[in-house]
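1. sequence first, then the predicted structure:
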Amino acid sequence: MVTLLGFTGFAATLGSLPWWAAQGGASVSTAGLVTTAMLVSTVATQATVPAVVRRLGSGRGLAIGLLALGAPCPLYALFTDLGPLLAISAVRGVGFALLTVIGSTLTRMLAPPGRHGEAAGLYGLMIGATAMVVVPGAVALGQAFGYGPVAVLASLPVLAVPMALKLSDGRDVDVAEPSGIGHRQAVLRVLVPSLLLLVVTLAGSGLVTFVPIERPAGLLAATVLLAFGVASAVGRWRVGALADRIGTRMLLPVSLATTAAGLAAVAVGLAAGSSAVLVAAAAVCGLGYGAVQNLTLVVAFARVDPVDVPTASAAWNIAFDAGTAVGAVAVGAVAAMGADPGGDGGLGVAVALGLCAVLLALVVPLSTRAAQ
């Protein structure tokens, strides 16, 4: 329930807040900054989370994170100017850092031996199932009724604070102070899977951020995001138990290639104006996107000693959120390249997403090394 409420708050603004910023006059190249501001703050905080857990415990650290993530959200409905939206998002990023690192650490530490992939899959299923409903639902809700109801939805993490505090009652993970050498080695060991995750989340962020802006009319954007979210949840869930049985060496490159192929088809669907291609392609992309998330987390945890699991969790989450933050801006910047002062004539979102698909294809060979 803590995961459900916490990630509901995050997912509620992921697709809808750039749209809300665009209603206030933000351009395609700047609307994604609201996501970037939150995730830059998240990434800046995540490296400190293991120390916070050692000092306060996982329950209290998680409770602080939930408050920071949810409490500022009603302020979103009061502003459409980019400045206030960026400031609110930056505060929320601190809370999201605590939620993500502590949540994934608990998943690994509390899982039975031999079932770490399954545990990561179930954790991912909860996150993915939340996203597949909330991301498109929040976009549709905002477009139909304004941003007030979305801001309330994004505030739900506050309701999980009492539950988070109970995690301190004898259920904290043992987070010892790692040596400087051990910490550096742990970071190096998870560098390749973290890089793969960064590239995948960069591409996924571009899709989630800019499809609602490119296709604002009707329910197409919500349908595309729903297809992406459903497939992502299924991919992240089902690949976990499969990885426990057969390992990750073949699964990771196949999942990465699936993501690349799906995103390339999304670009084709946007360029051709085909709704059917767009929805189907988003589903294929989402399937690989979810699977890569699970597999890179399993690989990262398998590469470190138990004492370094919080460090691996922080590195993985930093890569996830850095990719999401960069994607929200980079895709828009590439799409706007060559545009005139009025914003017309740029390369376009379809070309930008196509280039992301090429980048994904280029890193497929790294995935074999990561899974060894």
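-> Perfect, thanks for sending it. Numbers count the residues shown, from 1 in each chain.

2. in the stretch 251-372 of the chain, which spans are strands?
-> Using DSSP state E, counting those that start in this stretch, the stretch 251-372 of the chain contains no strands.

3. can you give me the helices in it?
-> Under the criterion DSSP state H, counting those that start in this stretch, helices of the stretch 251-372 of the chain are mapped to 251-272, 275-302, 309-336, 349-362, 364-371.

4. mind checking how far the helix or strand encompassing Ala87 is from the chain centre?
-> Assigned by DSSP states H and E, Ala87 falls within helix 82-110. For helix 82-110, the separation from the chain centroid amounts to 11 Å (computed by C-alpha atoms, centre = their mean, to the nearest Å).

5. just the buried positions in it, please.
-> Residues 82, 85-86, 88-109 are the ones in helix 82-110 that count as buried (16 or more other C-beta atoms under 10 Å). In this view, the C-beta of every residue, glycine as well, is placed from N, C-alpha and C.

6. what does stretch 267-277 give?
-> 267-270, 277.

7. before we move on, what about stretch 253-270?
-> Buried residues in stretch 253-270, defined by neighbour count with 16+ other C-beta under 10 Å: 253-256, 258-270.

8. one more: stretch 56-75?
-> 56-73.

9. list the buried ones in stretch 19-38?
-> Counting neighbours by 16+ other C-beta under 10 Å, stretch 19-38 gives 19-22, 26, 28-38 as buried.

10. also stretch 297-307?
-> 297-304, 307.

11. just the C-alpha atoms of it, please, in PDB.
-> Listed next in PDB are the C-alpha coordinates belonging to stretch 297-307 (Å, rounded to 0.1, in the frame of the first residue of the first chain):
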ATOM      1  CA  LEU A 297      17.900  -4.200 -11.000                       C
ATOM      2  CA  VAL A 298      18.400  -7.900 -10.600                       C
ATOM      3  CA  VAL A 299      21.800  -7.700 -12.300                       C
ATOM      4  CA  ALA A 300      22.800  -4.700 -10.200                       C
ATOM      5  CA  PHE A 301      21.900  -6.500  -6.900                       C
ATOM      6  CA  ALA A 302      23.600  -9.700  -8.000                       C
ATOM      7  CA  ARG A 303      26.900  -7.900  -8.600                       C
ATOM      8  CA  VAL A 304      27.300  -6.600  -5.100                       C
ATOM      9  CA  ASP A 305      27.600  -7.900  -1.500                       C
ATOM     10  CA  PRO A 306      24.600  -7.600   0.800                       C
ATOM     11  CA  VAL A 307      26.100  -4.700   2.700                       C
END
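
12. re the thing from before, and the furthest pair within the buried residues of stretch 19-38?
-> Spanning the widest gap among the buried residues of stretch 19-38 are Val28 and Met38, at 18.7 Å by C-beta to C-beta.

13. any idea which element Val152 lies in?
-> Using DSSP H and E, Val152 falls in helix 148-154.

14. sort out which residues of that helix are buried, please.
-> 150-151, 153-154.

15. of these, which is the nearest to Leu225?
-> Val150 (14.0 Å).

16. isn't that closest one up against Gln23?
-> No: judged on C-beta atoms under 8 Å, Val150 makes no contact with Gln23 at a distance of 11.9 Å.

17. tell me the pLDDT at the residue nearest to Pro306 when sequence neighbours are not counted?
-> Sequence neighbours aside, Met109 is the residue nearest to Pro306 in space, at 7.6 Å (criterion: C-beta to C-beta, 6 or more residues apart in numbering). Met109 carries a pLDDT value of 75.

18. please apply the same query to the one 10 residues further on.
-> At Ala119, the model reports a pLDDT of 81.

19. what about it, how many residues close to it?
-> The number of residues packed near Ala119 is 21, by other C-beta atoms under 10 Å.

20. now do it against Leu110, distance only.
-> Ala119 is 8 Å from Leu110, where distance means C-beta to C-beta, to the nearest Å.

21. and for Thr368?
-> Here Thr368 is placed at a distance of 30 Å from Leu110 (C-beta to C-beta).

22. do the same with Thr324
-> 26 Å.

23. kindly report the same for Pro74.
-> Distance of Pro74 to Leu110, given as C-beta to C-beta: 34 Å.

24. and for Met132?
-> 25 Å.

25. related to what we said a few turns ago, could you dump the buried residues of stretch 267-277 into TSV with pLDDT added?
-> Shown next, in TSV, are those (pLDDT from 0 to 100):
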residue	pLDDT
Ala267	92
Val268	92
Gly269	91
Leu270	88
Val277	93
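
26. now distance to Leu198 too, for these, in JSON lines please.
-> Below are these laid out as JSON lines (distance: C-beta to C-beta, whole Å):
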{"residue": "Ala267", "distance to Leu198": "20"}
{"residue": "Val268", "distance to Leu198": "25"}
{"residue": "Gly269", "distance to Leu198": "25"}
{"residue": "Leu270", "distance to Leu198": "23"}
{"residue": "Val277", "distance to Leu198": "27"}
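
27. nearest to Leu188 among the residues you listed?
-> The closest of the buried residues of stretch 267-277 to Leu188 turns out to be Ala267 (C-beta to C-beta; 34.5 Å).

28. check contacts around that closest one.
-> By C-beta atoms under 8 Å, 6 or more residues apart in numbering, Ala267 lies in contact with 350-351, 353-354, 357.

29. go on, Gly93?
-> 37-45.

30. before we move on, the earlier item: after the helix holding Val152, next one along is what?
-> helix 161-165.
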